[in-house]
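# Predicted model and sequence follow; I will ask about them next.
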Amino acid sequence: MPDKDLRPGPGLYGRERGRDPGMLQVETSRYVAWPGQATAYMVGMLEIRELRQKAMDELEDRFDLKEFHDVVLSNGSMPLEVLERVVDDYGTFPAPLSSFVWKARKSRKTRRCKVLRKILLFGSMAAVLLAAVVLAGCGPARGVDRGADVAKADVKEILVEKKDSGSRVELEKGQTLVVTLESNPSTGYSWEVAEGAGTVLQQKGEAEFKSSSAGDQQLVGAGGTETLRFEAAGAGETTLKLVYYRPWEKGVEPLETFSVQVIVR
């Protein structure tokens, strides 16, 4: 859909809220492509308001807004039908709400303890197997130095990701450093080089986005990963820094940063 078809929405919303035009354009496009998200929020809000009014009518002077919020939030995510039963129990419970919430939390704590016991029971056997798999799969081919020289000349691409931020990477001239990070362009955010690309490292092409949605049809608005490639062009040392930000937001700190120290031999 052309951007000009969406201008009336951001214009009106911008006058009412005083929001940044670029951000409004992204949000309006998202609502058009993904109307179910906003609808779901609205349905949930109306249901919670209705349940709150029902609790206020039943409890009258005993109603406490903070305690009502505790009842709604302390049980985590749940279908609206289940939430209604929880609030109904709160409205008819003879004891103070603090007791009701305490019992709910105690029940959840008991369930967590049972799960932890099972994990500990089988954990020792699984840990041995997991350690063997990790040691077999984590070799020097990734190129991230955690205390040893790890770059190999016969490896064409050295892969790094979010967990490797702050590490040191050693490359041979001609190798390619591949950086893959989580991203969601529908929010307006994208990864961009802040510093480090020059004579030692040269960026190869544009960033490539891959949606996390399964199948051939990509879900509009779904997140995924953004991949940037850099060629080791010359010997030297540099710090590659990437920032995850919205290009139109001036003077705003990036949402995330990623950096690695790169040595090219």
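Done, it's in. From a predicted model like this one, the values you see are computed outputs, not experimental measurements.
# do you know how far residue 34 is from residue 211?
13 Å (CB to CB, to the nearest Å). Glycine gets a C-beta too; all of them are placed from N, C-alpha and C.
# what about the stretch 151-265 of the chain, any weak spots by pLDDT?
151-154, 214-221 (pLDDT under 70).
# and residue 34 and residue 211? which has more neighbours close in?
residue 211 (18 against 15; other CB atoms under 10 Å).
# Residue ranges in the stretch 1-150 of the chain under the pLDDT threshold?
For the stretch 1-150 of the chain (pLDDT under 70), the answer is 1-22, 91-150.
# show me what contacts residue 48?
72, 83 (CB atoms under 8 Å, 6 or more residues apart in numbering).
# three-state assignment of it?
Counting by DSSP: H, G, I helix; E, B strand; the rest coil, the backbone at residue 48 sits in helix.
# Okay, strands next: where are they in the stretch 151-265 of the chain?
In the stretch 151-265 of the chain, the strands defined using DSSP state E, counting those that start in this stretch lie at 157-160, 168-171, 176-183, 190-195, 201-203, 208-211, 224-232, 236-245, 256-264.
# For residue 26, find the nearest of these.
Residue 26 lies closest to strand 190-195 among those, at 11.3 Å (CB to CB).
# which strands and helices sit next to that closest one?
strand 176-183, strand 224-232, strand 236-245 (3 or more CB pairs under 8 Å, 6 or more residues apart in numbering; DSSP states H and E).
# how about that strand as PDB, C-alpha atoms only?
Taking C-alpha atoms only, strand 190-195 is exported to PDB below (Å, rounded to 0.1, in the frame of the first residue of the first chain):
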ATOM      1  CA  SER A 190      17.400  -1.800  12.000                       C
ATOM      2  CA  TRP A 191      21.100  -2.600  12.500                       C
ATOM      3  CA  GLU A 192      23.700  -0.200  11.100                       C
ATOM      4  CA  VAL A 193      27.500   0.200  11.300                       C
ATOM      5  CA  ALA A 194      28.500   2.900  13.800                       C
ATOM      6  CA  GLU A 195      32.200   2.400  13.600                       C
END
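# and it, which residues are buried?
190-191, 193-194 (16 or more other CB atoms under 10 Å).
# strands paired with it, and their directions?
Strand 190-195 sits in its sheet next to strand 236-245 (antiparallel), going by DSSP bridges.
# between the strand it pairs with and strand 256-264, how big is the angle?
Orientation check (axes from the mean of the first three to the mean of the last three CA atoms, to 10 degrees): strand 236-245 against strand 256-264 gives 160 degrees.
# in strand 236-245, what's buried?
Neighbour counts over strand 236-245 (16+ other CB under 10 Å) mark 238, 240-245 as buried.
# Residues contacting that strand, please?
177, 179, 181, 183, 189-201, 228, 230, 252, 254-264.
# who's in contact with the closest residue to residue 87 other than its chain neighbours?
Nearest residue to residue 87, sequence neighbours excluded (CB to CB, 6 or more residues apart in numbering): residue 51, at 4.5 Å. When contacts are counted by CB under 8 Å, 6+ apart, residue 51 touches 72, 83-84, 87.
# Counting neighbours, which bits of the helix or strand harbouring residue 51 end up buried?
Residue 51 is located in helix 35-59, with elements delineated by DSSP states H and E. Neighbour-count burial for helix 35-59 flags 48, 51-52, 55, 59 (criterion: 16+ other CB under 10 Å).
# do stretch 250-265 as well
254, 258-260, 262-264.
# Reformat the buried residues of strand 236-245 as CSV; add distance to residue 44.
Formatted as CSV, the buried residues of strand 236-245 follow (distance: CB to CB, whole Å):
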residue, distance to residue 44
238, 49
240, 42
241, 40
242, 36
243, 34
244, 29
245, 30
